[in-house]
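Enquirer: Model the following, please.
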Amino acid sequence: MLTVDFSKIRLKPGARVLDAGCGNGRHLYEAFKQPGVQVVGLDMKSEDVTKARNMMRLLEKEGEGGEAGWGIFTGDITKLPFSDQSFDIVICSEVLEHIPDEAEAIREITRVLKEGEILAVSVPRFLPELICWALSKEYRTEPGGHIRIYKRRELIRKLEAAGLVCFDTGLAHGLHAPYWWLKCIVGLENGNSRLVKLYHDFLVWDIEKRPWLTRTLEKLLNPFVAKSCVLYLKKAGNGNGT
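Expert: Residues are numbered from 1 along each chain as shown. Predicted structure coming up:
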């Protein structure tokens with residue numbers, strides 16, 4: 001399930017891509033399949049890093065990309081272990097809402113991006129997220145929970161203050177917001193809810209099959225209940241590479 005629209009980030013042979021807060025690696029897999037693209041992932045959860053590595057090895061074994069290499073590491077987005085301007089593309093999807101020191105995270109993902117290149121950031125959209133907060137206290141207080149809600153213009157201001165320029169925006173996952181509302185209603189740890197399980201199975205089926213009917217329905221729902229807001233930004237430069 002991709003949140004970032006790869007048609008907007010211009011992956012080219014020789015590009016080096018960082019997914020900061022890669023989770024299980026969903027965006028890494030897509031970038032990995034592009035010819036000549038090197039991918040690097042980083043996440044704080046060692047179990048997610050292990051899953052992402054295993055999937056990358058499987059894709060490599062099946063001959064789906066990998067010619068430029070890859071690496072996935074356990075690490076902290078506020079202390080990225082990479083040199084300045086190391087990457088042609090940086091992706092940070094559904095991460096900033098979890099980070100106590102968001103300002104340092106923004107500085108770091110900007111620092112490692114090359115001048116004139118693209119950062120793609122996604123966060124939960126304000127209204128669907130506000131409903132989740134109203135329905136469930138544990139949604140925002142459990143370990144790894146969502147500790148803040150962003151308004152789009154607010155996040156754009158913060159990113160542009162770090163030296164980025166927003167050139168496009170998008171919405172994603174209109175079918176997913178009701179699923180999270182249901183989870184919040186029955187309890188996030190209640191895996192026995194039949195309704196939640198049925199909805200989850202529907203979403204898995206939709207992700208795997210991508211039928212035209214649900215693709216159309218999601219496009220119609222996105223302006224109203226999209227779960228994610230996506231920003232596409234370029235790093236401004238001073239012309240001397242610093």
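Enquirer: what sits up against stretch 203-214?
Expert: The set of residues external to stretch 203-214 that reach it, using Cβ atoms under 8 Å, 6 or more residues apart in numbering, is 1, 175-176, 179. (Glycine included, C-beta is placed from N, CA and C.)
Enquirer: 10 Å instead, please
Expert: For stretch 203-214, contacts defined as Cβ atoms under 10 Å, 6 or more residues apart in numbering pick out 1-2, 26, 173-176, 178-179, 202, 215, 217-218, 221.
Enquirer: For it, list every residue counted as buried.
Expert: Neighbour counts over stretch 203-214 (16 or more other Cβ atoms under 10 Å) mark 203, 206, 214 as buried.
Enquirer: contacting residues around the most centrally placed residue in the chain?
Expert: Nearest to the mean C-alpha position of the chain, counting by Cα atoms, centre = their mean, stands residue 93 at 1.7 Å. Residues in contact with residue 93, defined by Cβ under 10 Å, 6+ apart, are 2-4, 19-23, 26-27, 120-123, 172, 228, 230.
Enquirer: one more time with 8 Å, if that's ok
Expert: For residue 93, the set of contacting residues under the criterion of Cβ under 8 Å, 6+ apart consists of 3-4, 19, 21, 27, 120-122, 228, 230.
Enquirer: Which ones among those residues lie within helices?
Expert: Using DSSP state H, the subset of the contacts of residue 93 located in helices is residue 27.
Enquirer: Top of the contacts of residue 93 by number of neighbours, please.
Expert: When neighbours are taken as other Cβ atoms under 10 Å, the top entry among the contacts of residue 93 is residue 19 (29 neighbours).
Enquirer: Many thanks, I have nothing further to ask.
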